[in-house]
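*Asks:* this one's sequence-less:
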């Protein structure tokens, strides 16, 4: 599904365009993800594990066609600097009330309110789409993200021990969180 485009103004006056991502944004999304995979270990993949452009195009096209799933990006000009996606857990009757999300922001845009803006947009649209709960997972050592999620009412309901194994051989637990809508 597509959302209405909007803007977000950073404290420094820079105006970002926030809009749904479509198949034509696959290259921008690929560049964005490769950048954030390199900026922090908090992502699920390393840069060399990124999806192909064709897979990204197909995934974004599917989101646009979906009545409930959506992928949204924040652009500084043509450069994607933040994004989030929300998807129904499963289409089966017993699962239709649940959605899962992921969100990420370029390091240069941390601390300016963009993450909060995108999180509120994700929650509002998820609620509008008829979901009753929104779920996510977060690295246990990602204090900034945990703070953001708790600020928006997400609660911890479980921990997956050693969910992520980093290249250096160390492990990170994943905190599983949910927000009732």
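*Replies:* Structure's in. What do you need? None of the values given here were measured: they were computed from a predicted structure.

*Asks:* for residue 160, helix, strand, or coil?
*Replies:* strand (DSSP: H, G, I helix; E, B strand; the rest coil).

*Asks:* go on, residue 137?
*Replies:* Assignment for residue 137 (three-state DSSP): strand.

*Asks:* that one: what's it in contact with?
*Replies:* Applying C-beta atoms under 8 Å, 6 or more residues apart in numbering to residue 137 gives the contacts 160, 163, 174-177. Backbone N, C-alpha and C define where each C-beta goes, glycine included.

*Asks:* what mean pLDDT does stretch 141-160 get?
*Replies:* Per-residue pLDDT over stretch 141-160 has a mean of 97.

*Asks:* just want the most central residue of this structure.
*Replies:* residue 103 (2.0 Å; C-alpha atoms, centre = their mean).

*Asks:* was I right to think residue 40 contacts residue 107?
*Replies:* Yes. If you go by C-beta atoms under 8 Å, residue 40 and residue 107 touch, sitting 7.0 Å apart.

*Asks:* so which residues of the protein form strands?
*Replies:* Using DSSP state E, the strands of the chain run over residues 6-9, 15-20, 70-76, 79-88, 98-105, 133-139, 155-165, 171-180.

*Asks:* by contact count, what packs against the third one?
*Replies:* Packed against strand 70-76, as judged by 3 or more C-beta pairs under 8 Å, 6 or more residues apart in numbering; DSSP states H and E, are the following elements: strand 15-20, helix 26-39, helix 53-65, strand 79-88, helix 114-128.
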